[in-house]
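What follows is a predicted protein model with its sequence.
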Amino acid sequence: MKIAFLGLGNMGFHMARNLAAAGYDVTGFDVVEKALHAIAEHGVTPADSARAAVDGADVVITMFPAGQHVLEAYQNDLLDAAKENTLFIDSSTIAVDDAKQAAEMARAAGHRAIDAPVSGGTKGADQGTLTFMVGGNQEDFDQAKPLFEVMGRKIVHTGESGTGQAAKVVNNMALAINTIGAAEAFSLGENLGLSHQTLYDVMSTSAAQSWAVSTNCPVPGPVPEAPASHDYRPGFATALMAKDLGLAKAAIESTQTPADFGMAAYRAYTDFNTEENSGKDFSAIIQTKKKG
Ligand code: NAD
């Protein structure tokens, strides 16, 4: 099986490297030349252009920043240059509507398509432990699954095209709300005279337990490996959470779902996502919960 992997950034670089290490024939392309030189040292064949990368490929995987990059690349180069019936897998995090449009474009051009966004961050990409949320038909999912198993640990078939992105956006909206909830709890606890460790001991073993408390605790100390204990080095950067909440907002509006807390989380992270804060782990939102 010949794989074209486009978008060799923080995530795609490791994902392509892991596929090559598992013995797949992988050709890579990125508009940034440095990434191409670096990936060549990891068994991935660098291509001169997007069109050259997909030439003769059975599977095309894209890992781009946003929906516009996916739609433009599909439209301008990839769908046209690929051989008939190629399986297109988009693992970028993009809007549900963009994912549906990308899949429709691919099918109209005589190809197959699935959306397969991931969670697990750069660490998960590096270690091959990502979670894949996959929208598309069963046959295409079955063909792609061995590739996901190389790059990830948990693979969930969520339904038809667009549902992978739907699962991703819903999950991240809930994560943002949980994190703001944990941040407010620790700030209020502090103002009421509770130490961080005491509150952690209670909350991490009680009904308010969540990943945002137990693993990604927003205050330094109780969880030594949490970003909060390392000056909020990510982890999952605020800029990425703000981007994902923009996608959640679009989904809330297009489905007219009453989601006041999701919208509040969108506003909170959009405001927090300044130049100073965008590179901090998203649990740093607790810095907006201090008195005065
Ligand atoms: P990134 O910006 O580091 O990488 C994207 C790469 O795509 C860049 O190297 C860019 O040069 C390349 N690119 C853009 N347009 C291109 C084109 N037309 N042809 C070839 N290459 C092109 O981003 P990332 O952190 O790797 O994230 C990729 C996607 O995964 C995003 O949608 C992001 O939201 C999502 N995601 C990221 C994380 C994370 O922790 N970084 C976690 C989960 C999901």
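Arrived safely. Numbering: from 1, shown residues only.

rest of the way, CA atoms for contacts and neighbours
Noted.

Report the buried residues of stretch 146-166.
Neighbour counts over stretch 146-166 (16 or more other CA atoms under 10 Å) mark 147-152, 155, 157-159, 161-166 as buried.

swap in stretch 211-227?
Buried, per 16+ other CA under 10 Å, within stretch 211-227: 212-220, 222-223, 226-227.

Just give me the closest of the residues you listed to the ligand.
The closest of the buried residues of stretch 211-227 to the ligand turns out to be residue 227 (CA to the nearest ligand atom; 13.4 Å).

give the contact list for that closest one.
216, 218, 233, 234, 235, 281, 283 (CA atoms under 8 Å, 6 or more residues apart in numbering).

If we use 10 Å, what do you get?
Residue 227 sits next to 215-220, 233-236, 280-284 when contact means CA atoms under 10 Å, 6 or more residues apart in numbering.

That one and residue 131: what is the separation?
According to CA to CA, to the nearest Å, residue 227 and residue 131 sit 21 Å apart.

swap in residue 15?
12 Å.

okay, those two: which has more neighbours?
Per other CA atoms under 10 Å, whichever of residue 15 and residue 131 has more neighbours is residue 15, with 28 against 22.

Touching, that one and residue 126? I think so.
Yes: with contacts counted by CA atoms under 10 Å, residue 15 reaches residue 126, the gap being 7.0 Å.

Now do the shared contacts for the two.
Residues touching both residue 15 and residue 126 by CA under 10 Å, 6+ apart: 151, 152.

Please identify which of the buried residues of stretch 146-166 is nearest to residue 32.
residue 151 (22.4 Å; CA to CA).

Run through the residues that contact residue 164.
Residue 164 makes contact with 91, 93, 96, 99, 114-118, 132-136, 156-158 under the criterion CA under 10 Å, 6+ apart.

actually residue 29, sorry about that
If you count contacts by CA under 10 Å, 6+ apart, residue 29 has them with 4-8, 35-36, 39, 44-54, 62.

Among those, which lie within strands?
4, 5, 6, 45, 46, 62 (DSSP state E).

So which of these reach the ligand?
Intersecting these with the contacts of the ligand gives residue 6 (criterion: CA under 6 Å from any ligand atom).

With respect to the ligand, which of the ones in strands among the contacts of residue 29 is nearest?
Once CA to the nearest ligand atom is applied, the member of the ones in strands among the contacts of residue 29 that ends up nearest the ligand is residue 6, at 5.1 Å.

if I look at that closest one, how far off is residue 229?
From residue 6 over to residue 229 the distance is 35 Å, taken as CA to CA.

Looking at the two, which has the bigger crowd around it?
residue 6 (27 against 17).

Does that one touch residue 16 like I think?
Yes: counting by CA under 10 Å, residue 16 is a contact partner of residue 6 at 8.8 Å.

Any chance you could list residues touching both of these two?
27, 28, 61, 63.
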